[in-house]
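Student: No sequence on hand, only this structure:
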């Protein structure tokens, strides 16, 4: 897990700063909602018709690790051609594992190859790619860097991560999907690029696995 809540430096607690942080947090939530509404508004339906029968394209998700929490739950929707998806997850990292209890809000959009039959009632999506925003909502991270730091001293946001994941999926009986994904984020990529002598490729990769079930 690379989610933590350690705090650097002194916190400015003036009312104006708190209002600014609340506004920035609201913008993050709005971005996540726009990601979902834009996708669903582009012609995505909650059901698709296959051979005269309605088939749900909405599903529930149980996700483990993947840099968004120890366990995450959420919902998603798949396009009728089963090549595009949008998901929203709430992640949880307990204090016993992360040193502090953290919750995250996560929105992501993805593309994948069409399901390929590999056995009776078993299909595989050989390649899945998704990109998303993760926001830590209940720890003392700032969305933007505090004014106590010189401009440009820290370039990254403490509370927000941009994640990119690549993986595969196995679909069972058209209702259950098992998947894995290998991913990274913008902070890991830049840290690796600036410290290639002390960091290795595994240092910038996280692993997530999960199950989806159509609703």
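Tutor: Nice, I can see it. Being a predicted model, the structure only gives us computed values, none of them experimental.
Student: now the helices: where do they sit in the chain?
Tutor: Taking DSSP state H as the criterion, the chain carries its helices at 15-40, 95-98, 186-194.
Student: what about the second one, average pLDDT?
Tutor: Read that as helix 95-98. The average pLDDT within helix 95-98 is 89.
Student: buried ones in that helix?
Tutor: Of the residues in helix 95-98, residue 98 count as buried by neighbour count, 16 or more other CB atoms under 10 Å. Placement of C-beta: from N, CA and C, glycine included.
Student: can you list the weak-confidence ranges in the chain?
Tutor: 1-56, 142-155 (pLDDT under 70).
Student: Give the buried residues for the biggest strand by length in it.
Tutor: Using DSSP state E, we find that the single longest strand of the chain is strand 122-136. Of all the residues in strand 122-136, those buried under the rule 16+ other CB under 10 Å are 123, 124, 125, 128, 130, 132, 133, 134, 135, 136.
Student: can you pull out the strands in the protein?
Tutor: Going by DSSP E, the chain shows strands at 47-50, 53-56, 58-65, 71-78, 84-93, 102-112, 116-119, 122-136, 160-172, 176-185, 206-214.
Student: Kindly state the beta-bridge partners for residue 107.
Tutor: Per DSSP bridges, the residues bridged to residue 107 are residue 88, residue 133.
Student: Backbone dihedrals for residue 66, please?
Tutor: Phi and psi for residue 66, reported as degrees, to the nearest 10, are phi 80, psi 20.
Student: just to revisit the earlier point, could I get the strands of the chain as a markdown table with distance to residue 197?
Tutor: Putting these into a markdown table (distance: least, CB to CB, whole Å) gives the following:
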| stretch | distance to residue 197 |
| --- | --- |
| strand 47-50 | 51 |
| strand 53-56 | 51 |
| strand 58-65 | 28 |
| strand 71-78 | 34 |
| strand 84-93 | 30 |
| strand 102-112 | 31 |
| strand 116-119 | 42 |
| strand 122-136 | 28 |
| strand 160-172 | 24 |
| strand 176-185 | 19 |
| strand 206-214 | 22 |
